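K.L.:
Here is a sequence with its predicted model. Questions after.
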Amino acid sequence: MNTRPRRGMLLIAVLVILGALIAFATAIFAYTVSRSKAGEAEMEGEQALTLADGGTEVAAKAVLSALANYGSVPASGTCAVNGASISYTIASVGAPRSTTSSGGFYTLFQQYQITSTAKDGEVPQTIRTIIDAGRTPIFQFLSFYNDDLEILPGANMTLNGRIHTNKDLYIGTNNTLTVNSKYLRSVGSMYRFRKDDGSVTTGTVKVQAQTSGALVNWNNGVDSTSATWATTATANWQGTIQSQEHGVTSLATPTVPSVQQGGYLYNNAGLLILDGVAY
């Protein structure tokens, strides 16, 4: 009996199966490599997205720094985080606008679109965000303090303009102090005596009332030490004098333009006096 044809067919079948197994193994390997590369790309994409988000923070700080120093907001910039390069652009959006508080001082606002692009490996990512940047010019205030503010003039004095402190206010005089302002506020308490030794002054303090505009005496003992201070202040000065008992909240320190050579005031002043010489 001749078995050679059967052996030939068996050999062919084995080769076919072996080829199929090799093809299957190759496909699995290719799939694994593909999945690995896809995983790497996904990780690189996430890292690039995080870097791009960091770029928007850097750009936002650049905007605020420029505004605080009365400079020009940069149109673009670059930065590096962990060796990765990040580029960003900044463009104004719409027209500037202003808001006026109940105290009558204004804040200027401008929106900016920040576009930040970062690349980690071969995968770039871009983030776009819009920030609303505002600044409150300090020249709206006669006096703006972050710390305790003490007003104790020796001679007669008249103050014209808004007065604000983010802490406590101490006020008094042994002569006459006139406050021609409808904004006198403290985030902390208000006291009608000296800060250093707590002694009471003997002079007259007069403050303008919000509605009537009349100058109303601020007598000793009428301050935050009194249980009726909040209602008395409102009745006497109609909203001009307010403290923490009236719900006054802290204000961000207004921007002050640079006074250094080459700064905003230096470049825009009509008269410069340097070392005793006028320019």
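P.N.:
Yep, it's here.

K.L.:
Let me see the contact set for the nearest residue to Gly55 once chain neighbours are set aside.
P.N.:
Among residues not flanking Gly55 along the chain, Ser116 sits closest, at 3.3 Å (CB to CB, 6 or more residues apart in numbering). The way it works is simple: take the backbone N, C-alpha and C, and place the C-beta from them, glycine included. Ser116 is in contact with 52-56, 59, 86-88, 126-129, counting by CB atoms under 8 Å, 6 or more residues apart in numbering.

K.L.:
redo that, cut-off 7 Å
P.N.:
The contact partners of Ser116, by CB atoms under 7 Å, 6 or more residues apart in numbering, come to 52, 55-56, 59, 86, 88, 126-127.

K.L.:
For it, name its beta-bridge partners.
P.N.:
Applying DSSP bridges to Ser116 gives these bridge partners: Tyr88, Ile127.

K.L.:
Mind pulling up the pLDDT for it?
P.N.:
pLDDT for Ser116: 94.

K.L.:
about what we covered before: mind putting the contacts of Ser116 into TSV with distance to Phe109, pLDDT and neighbour count?
P.N.:
Shown next, in TSV, are the contacts of Ser116 (distance: CB to CB, whole Å; pLDDT from 0 to 100; neighbours: other CB atoms under 10 Å):
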residue	distance to Phe109	pLDDT	neighbour count
Ala52	25	88	26
Gly55	23	90	27
Thr56	19	92	19
Ala59	17	93	27
Ile86	27	91	22
Tyr88	21	95	25
Thr126	26	90	15
Ile127	22	91	19
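
K.L.:
Doesn't Ala60 belong to a helix?
P.N.:
Yes - assessed by DSSP: H, G, I helix; E, B strand; the rest coil, Ala60 belongs to a helix.

K.L.:
On the three-state scheme, the residue lying closest to it once chain neighbours are set aside is what?
P.N.:
Once flanking residues are discounted, Ala60 sits nearest to Ile131: 5.3 Å by CB to CB, 6+ apart. Here Ile131 is recorded as strand under three-state DSSP.

K.L.:
Who are the contact partners of Ile131?
P.N.:
By CB under 7 Å, 6+ apart, the contact set of Ile131 is 60, 63, 112, 114.

K.L.:
Just the closest of those residues to Gln261, please.
P.N.:
Val63 (24.2 Å; CB to CB).

K.L.:
ok, how many other residues are close to that closest one?
P.N.:
18 (other CB atoms under 10 Å).

K.L.:
Just say helix, strand or coil for it.
P.N.:
Val63 ends up helix, using three-state DSSP.

K.L.:
Including distance to Ala95, could the contacts of Ser116 go into a markdown table?
P.N.:
A markdown table is the format used below for the contacts of Ser116 (distance: CB to CB, whole Å):
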| residue | distance to Ala95 |
| --- | --- |
| Ala52 | 28 |
| Gly55 | 26 |
| Thr56 | 23 |
| Ala59 | 21 |
| Ile86 | 29 |
| Tyr88 | 23 |
| Thr126 | 26 |
| Ile127 | 25 |
